[in-house]
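Visitor: missing the sequence, but the structure's below:
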């Protein structure tokens, strides 16, 4: 059996290694357009920032080492330019001299990945303007910084790559500005959770400009001029376009293979394309979202590696099925960790779910052990069934652990209330007796059982104008004096029983505290005395972060500014 693999990074290299483990006699050939195979895409920004110092650390395998271990023919700087499905052959161009030749296959795997999305930005090829997708891109940026010593940078795009490159440019001493048309960073987050990320980025010296996009680049002397959609111009020493990626599927489309969203290759559950002898894996393919069920694009290394293995299994006669992606991801943003899995609240609603969320701020480990730091968790679930739909966490230590537990719970189709039963490891340096994931389950359980009602920052304009409403802040007088939302009166939770008579009989009471814990206690106290009470989701600290997110919630506070 002869198998040709087009592309030798995550999915392609994974498929080749699995094929060899399953079939020692197969003839396996990889053609890779770049000069490297099996390299660490996700590590590229950290070489620019100096976290990774050795260039060789970026390449997990070389063509020679991969060939020696797996007996796979590896040709780098060889681009497949055509697929002839009738003759079951490909046309390969040797990039060193432009010579072309044909090679035949029994089975073909397309692992061409994705290319940077430039959205027809004029001048994207100017000197000093870069994208970051390959090892060559990384070395080009590093060499430019080393030789030109730019003092300022503009990063077009505030997604994963945009944030990672911005952080590492700052590490190189370069004053950096992110330009982002949507009014938030990191699209997989809901806007309120993204506000926490923006605060971290700004605290670390990065300027963030929302509401505009880069329309054109031009070179003027030693500067790059970035023309924005709102008419402004930003001058910098280096610019990076990090606007996401698009499936690199021109080859597949020219061969007549079926494509779907954004021209991604359509495959079945076995990773077969519309041609039964051609498989496709990685960022070039359309996937089914595990939670929402829609066909979509999810460009992540984990799914690509799994798909490569599954394609190899099926080629070798082992039935293997890809059961969909749920977008589990984690990113380092300076000293902060941000992680997501499943659907956020916005995408769950768009998918037709009647959903709601809980926001809580537990510590990474028990408070009496030194070093505990808070993490903000937002867990989204289906109203009625309590089925888990997604989770977002922004914090520091322990974020990665909790998102993986929640991702596993979603994959196992657990409900939010099932989180209370998870038997998770505990020792003071690592967690609390009630782990943050358990705590999320308890909060969901209280809502499902009707023990507490909640309101969110979006509800504040509405409730401040309603009749028969009391707005209550149950923090200490010192906390209240340091900052509060206009219209909220202050009765500390420990004084509430004695001062219950100060609240009008029959009034609905909307309660706020710092993180949602004391206000929950107050709500239970009020409910026990026959009062209708609502707990503020996330607490005052979360509210301040949302309000400070570059105008995100200014309209929400028009009726009552923070004091």
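Guide: Received, thanks. Everything quoted here is computed from the prediction, not taken from an experiment. Numbering: from 1, shown residues only.
Visitor: any chance you could map the strands in the stretch 451-563 of the chain?
Guide: For the stretch 451-563 of the chain, strands defined by DSSP state E, counting those that start in this stretch occupy the ranges 453-455, 469-473, 489-490, 508-512, 533-536.
Visitor: for those strands, which one ends up most surrounded?
Guide: The highest mean neighbour count among the strands of the stretch 451-563 of the chain, using mean count of other C-beta atoms under 10 Å, belongs to strand 533-536: a mean of 26. C-beta: built from backbone N, CA, C; applies to glycine.
Visitor: returning to that earlier point: the strands of the stretch 451-563 of the chain into a markdown table, with extra columns for distance to residue 174 and mean pLDDT?
Guide: As requested, those are arranged in a markdown table below (distance: least, C-beta to C-beta, whole Å; pLDDT from 0 to 100):
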| stretch | distance to residue 174 | mean pLDDT |
| --- | --- | --- |
| strand 453-455 | 43 | 96 |
| strand 469-473 | 43 | 97 |
| strand 489-490 | 46 | 98 |
| strand 508-512 | 41 | 98 |
| strand 533-536 | 40 | 98 |
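Visitor: Those strands: which one's closest to residue 397?
Guide: With C-beta to C-beta as the criterion, residue 397 lies closest to strand 533-536 of those, at 26.3 Å.
Visitor: what's the closest one packed up against?
Guide: With contacts taken as 3 or more C-beta pairs under 8 Å, 6 or more residues apart in numbering; DSSP states H and E, strand 533-536 sits against strand 453-455, strand 508-512, helix 517-528.
Visitor: Which neighbours in the sheet does the second one have, and how are they oriented?
Guide: Each strand pairing with strand 508-512, determined using DSSP bridges, is listed with its direction: strand 469-473 (parallel), strand 533-536 (parallel).
Visitor: now the angle from it to helix 517-528?
Guide: Here strand 508-512 points in a direction 160 degrees away from that of helix 517-528 (axes from the mean of the first three to the mean of the last three C-alpha atoms, to 10 degrees).
Visitor: rewinding a little: just so I know, which of the strands paired with strand 508-512 lies nearest residue 389?
Guide: Between residue 389 and the strands paired with strand 508-512, the tightest spacing by C-beta to C-beta is seen for strand 533-536, at 21.1 Å.
Visitor: Need the contact partners of the closest one.
Guide: Applying C-beta atoms under 8 Å, 6 or more residues apart in numbering, the external contacts of strand 533-536 come out as 452-456, 508-513, 516, 519-520, 522-523, 526-527, 543.
Visitor: where in this structure is pLDDT low?
Guide: Where the chain drops to pLDDT under 70, the residues are 549-563.
Visitor: Check whether residue 402 really touches residue 378, as I assumed.
Guide: No: using C-beta atoms under 8 Å, residue 402 makes no contact with residue 378, being 11.8 Å away.
Visitor: list the residues that contact both of those two?
Guide: residue 393.
Visitor: Take the helices and strands packed on strand 533-536 and lay them out in CSV including distance to residue 317.
Guide: Compiled in CSV, those are given as follows (distance: least, C-beta to C-beta, whole Å):
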stretch, distance to residue 317
strand 453-455, 53
strand 508-512, 61
helix 517-528, 56
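Visitor: Residue 287 is nearest to which of those?
Guide: Of all the helices and strands packed on strand 533-536, it is strand 453-455 that lies closest to residue 287, at 33.7 Å by C-beta to C-beta.
Visitor: before we move on, the earlier item: wait, which of the helices and strands packed on strand 533-536 is closest to residue 139?
Guide: Short answer: helix 517-528, nearest of these by C-beta to C-beta, at 49.9 Å.
Visitor: Kindly check the end-to-end length of stretch 92-103 for me.
Guide: Terminal residues of stretch 92-103 lie 7 Å apart, using C-alpha to C-alpha, to the nearest Å.
Visitor: buried sites along it?
Guide: Of the residues in stretch 92-103, 92-93, 103 count as buried by neighbour count, 16 or more other C-beta atoms under 10 Å.
Visitor: residue boundaries of the helices in the stretch 351-500 of the chain?
Guide: Using DSSP state H, counting those that start in this stretch, the helices of the stretch 351-500 of the chain run over 399-411, 436-448, 460-464, 477-482.
Visitor: To residue 186, which of those helices lies closest?
Guide: That would be helix 399-411 among these, by C-beta to C-beta, at 13.7 Å.
Visitor: From the chain's centroid, how far away is the closest one?
Guide: Distance of helix 399-411 from the chain centroid (C-alpha atoms, centre = their mean, to the nearest Å) equals 14 Å.
Visitor: Show which residues not belonging to that helix make contact with it.
Guide: Contact partners of helix 399-411, identified using C-beta under 8 Å, 6+ apart, comprise 290-291, 326, 328, 330, 337-342, 364, 375, 377, 379, 388-391, 393, 418-419, 422, 424, 435-437, 440.
Visitor: cool, stretch 470-477 as well?
Guide: For stretch 470-477, contacts defined as C-beta under 8 Å, 6+ apart pick out 463-464, 480, 484-485, 487-493, 496, 503-504, 507-514, 518-519, 522, 540.
Visitor: and if we set it to 6 Å?
Guide: Applying C-beta atoms under 6 Å, 6 or more residues apart in numbering, the external contacts of stretch 470-477 come out as 480, 484, 487-488, 490, 492-493, 503, 507, 509-514, 518-519, 522.
Visitor: same check, this time on stretch 95-102
Guide: Residues from elsewhere that reach stretch 95-102 (C-beta under 6 Å, 6+ apart): 77, 79, 89, 91-93.
Visitor: Show the end-to-end separation of that stretch, please.
Guide: 14 Å.
Visitor: what's the answer for stretch 479-494, then?
Guide: For stretch 479-494, the first-to-last residue distance is 14 Å (C-alpha to C-alpha).
Visitor: Please list all residues in contact with residue 508.
Guide: Here residue 508 is in contact with 469, 532 (C-beta under 6 Å, 6+ apart).
Visitor: I'd like the distance between it and residue 532.
Guide: With distances taken as C-beta to C-beta, to the nearest Å, residue 508 is found 5 Å from residue 532.
Visitor: Next: residue 311.
Guide: Using C-beta to C-beta, residue 311 is found at 57 Å from residue 532.
Visitor: Kindly report the same for residue 203.
Guide: Residue 203 sits 39 Å away from residue 532, going by C-beta to C-beta.
Visitor: Settle it for me: which of those two has more neighbours?
Guide: The neighbour comparison of residue 203 against residue 532 (other C-beta atoms under 10 Å) goes to residue 532, with 14 against 11.
Visitor: tell me the contacts of the more buried one?
Guide: Residue 532 neighbours (C-beta under 6 Å, 6+ apart): residue 508.
Visitor: 10 Å instead, please
Guide: Each residue near residue 532 by C-beta atoms under 10 Å, 6 or more residues apart in numbering is listed here: 453, 468, 506-510, 523, 526.
Visitor: can you check residue 168 too?
Guide: 44-52, 132, 141-142, 174, 176.
Visitor: Show me the two of these that sit farthest apart.
Guide: 52 and 176 (19.3 Å).
Visitor: Neighbour count: those two, which is higher?
Guide: residue 176 (24 against 18).
Visitor: hang on, that one packs against residue 202?
Guide: No: judged on C-beta atoms under 10 Å, residue 176 makes no contact with residue 202 at a distance of 11.3 Å.
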